[in-house]
Structures are given as structure tokens and as C-alpha cells.
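Novice: Provided below for reference: sequence and predicted model.
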Amino acid sequence: DAGITQSPRYKITETGRQVTLMCHQTWSHSYMFWYRQDLGHGLRLIYYSAAADITDKGEVPDGYVVSRSKTENFPLTLESATRSQTSVYFCASSATSESEKLFFGSGTQLSVL
Amino acid sequence: DAKTTQPPSMDCAEGRAANLPCNHSTISGNEYVYWYRQIHSQGPQYIIHGLKNNETNEMASLIITEDRKSSTLILPHATLRDTAVYYCIVRVYSGGGADGLTFGKGTHLIIQP
């Protein structure tokens, strides 16, 4: 199906483990984003990417790594998960020509025990 | 980006028009007003945006005051499915949301049956 998909939908992991959240979009959008959402903090930008091989830090990048070798994929890796990274993670994409019109995925609910 | 102020919550009866206000008194001439909404446990969804003229699409209408210091999102015939958090965002056009959008706390709109 066309659109933006995130996987897995739910993930439980343990402190210290590496976790990768996947994001795939079929529109060939240039821009992609990762947000996390926590009660009391709302949506916060972790990383974003303007194109393949171009990434930049957002508001809360510490503890996360991203890569973008292909336009359609933008995986987010927690190198050593901590309990404070328990959150709902949303991926989004947008086209250069569409003024600030972001399309969001359904989210990944991550629990770090 | 200009700061926005929204009421934390609002109620509206099903079938009536829902009018969601947003104050952005420090908006500058090249900043647009964007509206998104987030239905529980889903990713945010773009609704509409405008610069100074009123805008309408299949989802909603956006009314921007002449001095541009405030705006109102109108859902003409609210349904229970419109219950969501609505975000008003003000920012300069950068082409595809280049460095990401900043989401505040928004307004929790509850549609009453």
C-alpha cells in the first residue's frame, strides 16, 4: 500500500539493548522526520533528513542514531535503550513542494523495561 | 516561529460547528498558519493552512483576522470522529517543513453526542 509505514507497531525491550524502528514511505518525499511523544511533553523532534545521506539533529537527539541511505527509508536506532526512551515514536515525511504538509505514520509504541 | 496560544480544551455538540481559536499576536508577515489534528493514538494529520486569506477545503475552514493576530479553525458539522487534539502552528514557509514543525499542547476538542 502507498503511504508511510512504521514497524514494528509495538516493541518491548530491555535497558541496554539496541533497537531499530523502521520507517518507509512510497511517495519519494525528500523530507523525513522522527518525533517522540510523551505525556506532558507533547511531540518533540528527534532527527530529520532533507534527502538521502543528509540528516540533522532536532530538539532531543541524544541516545538516537539515524541513517538515510535510500530516499524511502529512515530508520531510527536506539543504540543502548534507556527507560527514559519509553515513548511513542512517529515518523513523518513531506515533499519540498508541499508547504509544511507533513504525513505521519501510525507510530511505534516502545517500552524499555 | 511565532508563539501560539490555544485553549486547552473545548466541547462541541455533534452536528454543530466547532470553532477553535488560536492567538498568534507576534506573527510576522511571511509566516503561515497551519492546523493539524491528532486523533487518539494516531499520528498527527494535516488539516489546512493559510497566509492571510480565508481558506476552505473538504475538512475545514480557516478564518484569519485582518491583522493576522488570530485565527479560527471551523469544522462545519462536527462528528464524534472529530474528537481530537488540534494544533495551531505558525511558521515561515521553508519548503516541506525543512527543519520540522514544532507542536505545542493544542486544544483537546471533545464532541458530545
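Specialist: That came through, no problem. Numbering: from 1, shown residues only, chains lettered A, B, ... in the order given.
Novice: run a quick neighbour tally on the residue of chain B found nearest chain A.
Specialist: Proximity to chain A, evaluated over chain B using Cβ to the nearest Cβ, is greatest for residue B:43 at 2.8 Å. The way it works is simple: take the backbone N, C-alpha and C, and place the C-beta from them, glycine included. Using other Cβ atoms under 10 Å in any protein chain shown, residue B:43 has 22 other residues around it.
Novice: likewise for residue A:3?
Specialist: If you count neighbours by other Cβ under 10 Å, residue A:3 ends up with 12.
Novice: not counting its neighbours along the chain, what's nearest it?
Specialist: residue A:26 (6.3 Å; Cβ to Cβ, 6 or more residues apart in numbering or on different chains).
Novice: pretty sure the residue of chain B closest to chain A contacts residue A:105?
Specialist: Yes - Residue B:43 is within contact range of residue A:105, at 5.6 Å (criterion: Cβ atoms under 8 Å).
Novice: assumed residue A:91 was part of a strand.
Specialist: Yes - counting by DSSP: H, G, I helix; E, B strand; the rest coil, residue A:91 falls inside a strand.
Novice: and the pLDDT for it?
Specialist: Predicted confidence (pLDDT) for residue A:91: 98.
Novice: looking at the residue nearest to it when sequence neighbours are not counted now. What's its pLDDT?
Specialist: Excluding the flanking residues, the one nearest residue A:91 by Cβ to Cβ, 6+ apart is residue A:23, at 3.5 Å. Residue A:23 carries a pLDDT score of 98 in this model.
Novice: go ahead and confirm residue A:23 touches residue A:72.
Specialist: No - counting by Cβ under 8 Å, residue A:23 stays clear of residue A:72, with 9.1 Å between them.
Novice: which of those two has more neighbours?
Specialist: Each of residue A:23 and residue A:72 has its neighbours counted (other Cβ under 10 Å); residue A:23 has more, 25 against 16.
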